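*Asks:* Kindly generate the corresponding structure for this input.
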Amino acid sequence: MICSSLQFLYHRRWGVGIAMMGDGKAATRTTALAALLATAAADIYASAQYGSDAHDGTSPATAVKTFKQATVQALKLNDTSLRLKGRFFAAEDGRYNLWPGQVPEGLAIDKWENETEKPLLTGGVQVVMNTSAGVWVSAAPLASAALAALNNSGNGAIFVNGARRELVRTAMLRWNATLVPGSQKRLPQNKRGFVYSEGDIPASWDISPAALSRWRVAAFHSWVKGYHRVASLHPENRTIFFSEDALFSYGDFTYCSDRRYYIEAAAELPVTAGTFTWKGNQLLYSPTPAEAAHVASGGALEVFVPVATTVMFIGGPGRVALRNLAFAHSAVDCMGTACDADGASMAQATLQLQGVANATVANCTFSHLEGTALTAINAPGARLTNLVVKDVGAGAVLLQKSAHAVATNSWVAGYGRRHPAAFGVSQTLSPYSEVSHNDITDGFSNGLGGGAANDGSAYSTWKYNIVHGTGKGDEMAICDYGGLHISTMNSSKPVHIMYNVLRDVAAYKNGGEGIYLDVSSTAVHVEGNFVANVTGAPLHWNVNPMVPQLATAPRMNFTNNVFIASPRPESAYYLPKDKKGAVAWSGYTDASFTRNVVITDAGAYTGGLQPSWFEGIPCAKEEVPTATCTSVFLDNFKGDWFADNVYFNTTNTTSGAALPPSATFPGGCAHPWLESCNSFAAWQGLGYDKGSLMGVDPMLDAGYNVKNPAALALGIVPLGAELKKVGPNWTP
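*Replies:* Take a look at the predicted model:
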């Protein structure tokens, strides 16, 4: 990148550096910089421990000390390579020294040659603790930036020897009623508070304005969770009012929110083992027994408070490559909101690429963050590869508006720790892009996601990924997400979901789908995926109310997948299902469903609502009725092609009894509120599922292969060879 006059501005509210250009001398300075391109100098070296900013940085012996000085030298000498060693602190009392600025095109930032340890770029402030007492206390007053970060609702953790330790809080509580009751529950007034239950807030607590200024109220909706400041509290009628609106009214989505909330940081809350708080300008932390014993025996202690929101921001049109770097301890500033944006999009990225074409981020580690790890925005051709993302408060790797970009070959373990609506790896508004060969686990929401309306993600692909052990079923969990969750509303150009493994996905009250095609998606090709052990449906094609599907969209294609609807990891909170639909199918545009294996455990049918192979919502229950959009569920399937599938109800083999297949197919119901009552023979009589098999065990082996010759004769291709390719090709 060759740029004219630069002014580096620090924005105290956002915590990022901003490059401003233009002083009327752009042409002169561009010419001067261009002249330097003919003579490239040596690499610029920076050593946080041994360097000095009085040096020129052109050799390890003359390394500079700070990252900022390294970029100054790169501009001065027109170098395109920075070599880092040691720890570099992005935030020192609210001031940044990690703004890379505008740099020569082709800049590469890497560790020193022959170094095994990655240089650490931290957004935290390190705090020395006095460990002589049972509760450790910071040895010196906290820096003002650290106090500001602790007071921001976006943050609720410190990191002690690499372990996340959380802010003191109450047990889970349940609010009692909305501020405006009854049918008015969705009014905007109900976004600002609720009526809490008797006994939730002890009468002995200080509720003066000064005391309440510490509080933040964590409250659940459906697929998001908010953190509120308290404007006022009124014990006489048990009302609490917040300083900012929630995304949804309290009273909306109570089937999932379950009216859950808890209070953080109140001065009366005890500091128990593994939790922290602050008093005045001092940090207080109660160690775990293992931590206390470790320090008592002379072990090292490192405590970091996340402060900087964006550790590194790189903008501009030129190529850049970041390799072998480690990022840690970033914070989140919710900017006066309730921290409850969809997808946790309010959380800043620790590393943000914006407006950079053909950037590479490779072999980098992101850990112990409150925010998102890596975001590439307007970064066409970006290649994000061989990353490790672990223990992050929001999302892991996000592509936005980045055509022909790739997020691949990476490990994600632990995301959404603070802001649970976050995605693991997603691509949004990024046509021709690819998310592939990633291993994603231990999140609170969608493992894979993205898409866009109006062909905004045309020809993008999710392939060879494995999502496993994600979503939660406990009281800290949310709802309405999937192992893979996308939307392609109003689209006619295809996206592809191919050869992914999605398994062991849980949710709190509803959701926890396998493949979740949401908001009236169209033009999706789903092939060769293995989905099992999810609390929702292994395949859910959803239509949103009053969001009609594109009538002229090409067929949706579902082919050669294995969808296993049971067993499901039921939680103590999950909504009981009045029927077990193996596939949730509310889409009503043309689709093809061929050579799939669908397995369920329908149980012995003893009356009531019969379990079904396909459940869903008739078109006219969500959209304006037309000749092709009716209140009959069977009409959703007009124009669809079903053939050569295998349906297997494991009840027939596990019960020991010769039960007839109890799961049913769309249509044939005596009552209009029912959806699927047809037998397999009646379903075939309507022209569906020609050549398909019912009650035939596909004989799946441990390698995802269908072994039954009768199933193979339908043209079903065993998945083992392709699914051996899922996930990264390396181990961190």
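
*Asks:* From now on I want contacts and neighbour counts done on CA atoms only, so please keep to that.
*Replies:* Fine.

*Asks:* what residues are up against the residue lying closest to residue 726 once chain neighbours are set aside?
*Replies:* Excluding its sequence neighbours, the residue lying closest to residue 726 (C-alpha to C-alpha, 6 or more residues apart in numbering) is residue 464, at 4.1 Å. Neighbouring residues of residue 464 by C-alpha atoms under 8 Å, 6 or more residues apart in numbering: 436, 437, 438, 498, 499, 500, 501, 723, 725, 726, 727.

*Asks:* Just the closest of those residues to residue 395, please.
*Replies:* residue 438 (14.3 Å; C-alpha to C-alpha).

*Asks:* Can you show me the helices along this structure?
*Replies:* 26-36, 67-77, 144-150, 209-212, 254-257, 289-296, 651-654, 680-685, 709-712, 720-723 (DSSP state H).

*Asks:* backbone phi and psi for the residue nearest to residue 726, please?
*Replies:* phi 60, psi 30 (degrees, to the nearest 10).

*Asks:* May I have the predicted confidence score for it?
*Replies:* With respect to pLDDT, residue 464 scores 98.

*Asks:* For it, give its distance to residue 527.
*Replies:* 11 Å (C-alpha to C-alpha, to the nearest Å).

*Asks:* Give me the common contacts of the two.
*Replies:* By C-alpha under 8 Å, 6+ apart, the residues touching both residue 464 and residue 527 are 498, 499.

*Asks:* phi, psi of the residue sitting nearest the centre point of the chain?
*Replies:* Central residue of the chain (C-alpha atoms, centre = their mean): residue 423, 1.4 Å from the mean position. Torsion angles at residue 423 (phi, psi; degrees, to the nearest 10) stand at phi -90, psi 150.

*Asks:* Enumerate every residue touching the residue nearest to residue 153 when sequence neighbours are not counted.
*Replies:* Nearest residue to residue 153, sequence neighbours excluded (C-alpha to C-alpha, 6+ apart): residue 227, at 5.9 Å. When contacts are counted by C-alpha under 8 Å, 6+ apart, residue 227 touches 153, 154, 216, 217, 218, 219, 338, 339, 340.

*Asks:* so residue 227 bridges to which residues?
*Replies:* residue 218 (DSSP bridges).

*Asks:* Just give me the neighbour total for residue 232.
*Replies:* Burial measure for residue 232: 16 neighbouring residues, criterion other C-alpha atoms under 10 Å.

*Asks:* what's around the residue nearest to residue 278 when sequence neighbours are not counted, how many residues?
*Replies:* Distance criterion C-alpha to C-alpha, 6+ apart; nearest residue to residue 278, sequence neighbours excluded, is residue 284 at 5.4 Å. Number of residues near residue 284 (other C-alpha under 10 Å) recorded here: 18.

*Asks:* returning to what we had before: right, and out of the contacts of residue 464, which lies closest to residue 117?
*Replies:* Using C-alpha to C-alpha, those come closest to residue 117 at residue 438, 23.6 Å.

*Asks:* Residue 556 contacts residue 587, correct?
*Replies:* No: the criterion here is C-alpha atoms under 8 Å, and residue 556 misses it with residue 587 at 9.4 Å.

*Asks:* More neighbours: those two, which one.
*Replies:* Regarding residue 556 and residue 587, a neighbour count based on other C-alpha under 10 Å identifies residue 587 as having more, with 27 against 21.

*Asks:* low-scoring stretches of the chain, by residue?
*Replies:* Applying pLDDT under 70 to the chain flags residues 1-41, 91-104, 183-185, 566-580, 602-610, 652-663, 672-673.

*Asks:* how does it look with 50?
*Replies:* 1-41, 93-100, 569-570, 577-579, 608, 654-661 (pLDDT under 50).

*Asks:* what ranges do the strands span in the stretch 151-300 of the chain?
*Replies:* 157-160, 163-167, 173-174, 193-195, 216-220, 225-228, 230-234, 239-242, 250-253, 260-264, 275-279, 282-286 (DSSP state E, counting those that start in this stretch).

*Asks:* Tell me the gap between the fifth one and the middle of its chain.
*Replies:* Which is strand 216-220. 19 Å (C-alpha atoms, centre = their mean, to the nearest Å).

*Asks:* Only C-alpha atoms, please: export that strand in PDB.
*Replies:* What follows is strand 216-220 as a C-alpha-only set of coordinates in PDB (Å, rounded to 0.1, in the frame of the first residue of the first chain):
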ATOM      1  CA  ARG A 216     -25.500  -5.100  35.200                       C
ATOM      2  CA  VAL A 217     -28.500  -7.400  34.600                       C
ATOM      3  CA  ALA A 218     -28.000 -10.300  32.300                       C
ATOM      4  CA  ALA A 219     -31.300 -11.300  30.700                       C
ATOM      5  CA  PHE A 220     -32.300 -13.900  28.100                       C
END
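
*Asks:* Direction-wise, compare that strand with strand 230-234 and give the angle.
*Replies:* 90 degrees (axes from the mean of the first three to the mean of the last three C-alpha atoms, to 10 degrees).

*Asks:* what does the second one give?
*Replies:* Angular relation of strand 163-167 and strand 230-234 on a 0 to 180 degree scale: 40 degrees, by the same axes, to 10 degrees.

*Asks:* How about residues contacting strand 163-167?
*Replies:* 156, 157, 158, 159, 264, 265, 274, 275, 276, 277, 368, 391.

*Asks:* Give me the sheet partners of that strand and which way each runs.
*Replies:* By DSSP bridges, strand 163-167 pairs with strand 157-160 (antiparallel), strand 275-279 (parallel).

*Asks:* Pull out the buried positions in it.
*Replies:* Buried residues in strand 163-167, counting neighbours by 16 or more other C-alpha atoms under 10 Å, are found at 164, 165, 166, 167.
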